[in-house]
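**Student:** Any chance you can model this:
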Amino acid sequence: MSFDDRLRHQLTIRRNVPTGALDDYGQPVTIETTITTVAGLIQPRRAREVALASQAGVVLGELAGYIRPLAGLTTHDWIVRDGIRYDILSIADAGGIGHHWELGLQMVG
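**Tutor:** Sure thing, here's the model as predicted:
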């Protein structure tokens, strides 16, 4: 089985893009935009329950995502798969030769 055969999830890469307008407080207004959809794989590393009162009962998953290198991808972007948002915490060249990236992900919500 090849590496690409393992990339069985469709991952939508999203980003906040400035509109050029400012809000009532002088801050830039942004809009969520889909950058691209790529084949990838998301696997759990571990899960824990958050004990903060403001987030009681919310389970945050620590996951690894695998994709082919994608120009312009940053930790300000996020991934949506099957309606679930995953924040990108880190981006690493998994093999050290530019073959694929390993993303540190955190499931939100």
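**Student:** What's opposite the closest residue in space to residue 16 that isn't next to it in sequence in the beta bridge?
**Tutor:** Nearest non-adjacent residue to residue 16, counting by C-beta to C-beta, 6 or more residues apart in numbering: residue 30, 4.0 Å away. For glycine as for every other residue, the C-beta is placed from the backbone atoms N, C-alpha and C. Using DSSP bridges, the beta-bridge partners of residue 30 come out as residue 18.
**Student:** Next secondary structure after the helix or strand of the chain with the lowest mean pLDDT?
**Tutor:** None of the helices or strands of the chain scores lower by mean pLDDT, DSSP states H and E than strand 59-67, at a mean of 79. Beyond strand 59-67 on the C-terminal side, the first helix or strand identified by DSSP states H and E is strand 78-81.
**Student:** elements contacting the next helix or strand after that following strand?
**Tutor:** Once the chain leaves strand 78-81, the next helix or strand it forms, by DSSP H and E, is strand 84-93. Packing partners of strand 84-93 (3 or more C-beta pairs under 8 Å, 6 or more residues apart in numbering; DSSP states H and E): strand 59-67, strand 78-81, strand 101-108.
**Student:** Looking at these, which is nearest to residue 95?
**Tutor:** strand 101-108 (8.9 Å; C-beta to C-beta).
**Student:** strands paired with that closest one, and their directions?
**Tutor:** If you go by DSSP bridges, strand 101-108 pairs up with strand 59-67 (antiparallel), strand 84-93 (antiparallel).
**Student:** Pick the most buried one from the ones you listed.
**Tutor:** For the strands paired with strand 101-108, average neighbour numbers computed from mean count of other C-beta atoms under 10 Å are highest in strand 59-67, which has a mean of 17.
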